[in-house]
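Engineer: Okay, structure incoming, though there's no sequence with it:
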């Protein structure tokens, strides 16, 4: 994995690697508790976002196919990542702009700027990822980017706490979910509390590790809940005993700050407190 780029870019790359490695498990969970597309949607969105962050070859077209105008390098329509139709043109151009900012910051030697990578991935989730959870992840990452910008373009511990809390509030405004509804809020709310309690001196990586432990505890609790919001609320007893896939995605997000998660099983065991799945 490329170790260049900001802390946030490396984090997003590890998140993408974690989702890719665990996509079959995510899909299996969502087949029991939802409509079965969560893993594939998450994986596709992250791959699209991060391919656009790759250094652009001569001619200005990124490895992922997005050029400065947002057009694809392959057979897709302008503004889409190889897709068709007009609906994605505005979003594709915005994806390209955010990705270009991240590449330019890295090429200019400002590898510490955490904002562009977060915005690029947030935009991909908001514009490209299907299903219910994709846009919600986009809201969280968008608020993390805003908090980093306000903190001098760095994901400090206070910025992480502010951004995560703002993201949680945005998600709850949109989805009207509260802890106990068996949604991704059950993973995100305890992570926010952990970040709010973290001392700035521990640094963002350690703060995110504590947040990940808190998120996984929340994830495991969802197995015993009856869904009142989200796709799982439509499948009734079929989701009983199954952790909420969206909450699992939140656990993956925070855990990936410390390394790639290669298996969900250790994190979902009731006796675990974070699990050995990171690497």
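Structural biologist: Yep, it's here. If you're wondering where the values come from, they're calculated on a predicted model, not measured in any experiment.
Engineer: Only C-alpha atoms from now on, for both contacts and neighbour counts.
Structural biologist: Fine.
Engineer: Can you mark which positions in the lengthiest helix in the chain are buried?
Structural biologist: Longest helix in the chain by number of residues, with DSSP state H as the criterion: helix 7-33. Neighbour-count burial for helix 7-33 flags 7-23, 25-33 (criterion: 16 or more other Cα atoms under 10 Å).
Engineer: Check stretch 132-150 too.
Structural biologist: Going by 16+ other Cα under 10 Å, stretch 132-150 has these buried residues: 133-149.
Engineer: For the stretch 101-250 of the chain, which segments are assigned as helices?
Structural biologist: Under the criterion DSSP state H, counting those that start in this stretch, the stretch 101-250 of the chain contains helices at 115-127, 133-150, 157-175, 185-197, 203-221, 245-255.
Engineer: tell me what the third one is packed against?
Structural biologist: For helix 157-175, the elements it packs on are helix 133-150, helix 185-197, helix 203-221, judged by 3 or more Cα pairs under 8 Å, 6 or more residues apart in numbering; DSSP states H and E.
Engineer: Please apply the same query to the last one.
Structural biologist: Based on contacts counted as 3+ Cα pairs under 8 Å, 6+ apart, the elements that helix 245-255 packs against are helix 7-33, helix 185-197, helix 203-221.
Engineer: So for residue 157, which of those helices sits nearest?
Structural biologist: Nearest to residue 157, of all the helices and strands packed on helix 245-255, is helix 203-221, at 5.1 Å by Cα to Cα.
Engineer: could you give the angle of the closest one to helix 7-33?
Structural biologist: Interaxial angle, helix 203-221 versus helix 7-33 (axes from the mean of the first three to the mean of the last three Cα atoms, to 10 degrees): 0 degrees.
Engineer: In contact with residue 250, which residues are there?
Structural biologist: 184, 187, 188, 215 (Cα atoms under 8 Å, 6 or more residues apart in numbering).
Engineer: so what pLDDT did it get?
Structural biologist: Residue 250 is assigned a predicted lDDT (pLDDT) of 97.
Engineer: So, low pLDDT: which residues of this protein?
Structural biologist: 1-4, 33, 52, 55-111, 227-240, 270-279 (pLDDT under 70).
Engineer: Could I get the buried residue list for stretch 200-207?
Structural biologist: Neighbour count says stretch 200-207 has 204, 205, 206, 207 buried, by 16+ other Cα under 10 Å.
Engineer: Nearest residue to residue 37 in space, please, no chain neighbours.
Structural biologist: Using Cα to Cα, 6 or more residues apart in numbering and skipping the chain neighbours, the partner closest in space to residue 37 is residue 27 (6.3 Å).
Engineer: and that neighbour, what is it in contact with?
Structural biologist: Per Cα under 8 Å, 6+ apart, neighbours of residue 27: 36, 37, 38, 39, 40.
Engineer: same question, residue 165
Structural biologist: Per Cα under 8 Å, 6+ apart, neighbours of residue 165: residue 192.
Engineer: returning to that earlier point: tabulate the helices and strands packed on helix 157-175 (a markdown table), appending distance to residue 46.
Structural biologist: A markdown table is the format used below for the helices and strands packed on helix 157-175 (distance: least, Cα to Cα, whole Å):
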| stretch | distance to residue 46 |
| --- | --- |
| helix 133-150 | 10 |
| helix 185-197 | 19 |
| helix 203-221 | 19 |
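Engineer: Would you tell me which of those gets closest to residue 244?
Structural biologist: Per Cα to Cα, nearest to residue 244 of the helices and strands packed on helix 157-175: helix 203-221, 6.9 Å.
Engineer: buried ones in that closest one?
Structural biologist: 204-221.
Engineer: could you say what helices and strands it packs with?
Structural biologist: helix 157-175, helix 185-197, helix 245-255, helix 265-268.
Engineer: most packed of the ones you listed?
Structural biologist: Greatest average neighbour count among these goes to helix 245-255 (a mean of 27), per mean count of other Cα atoms under 10 Å.
Engineer: any idea of the angle it forms with helix 185-197?
Structural biologist: 30 degrees.
Engineer: what angle do helix 245-255 and helix 133-150 make?
Structural biologist: 30 degrees.
Engineer: For residue 122, give me its contacts.
Structural biologist: Counted by Cα under 8 Å, 6+ apart, residue 122 has contacts 137, 138, 139, 140, 141, 142.
Engineer: gap between it and residue 8?
Structural biologist: 12 Å (Cα to Cα, to the nearest Å).
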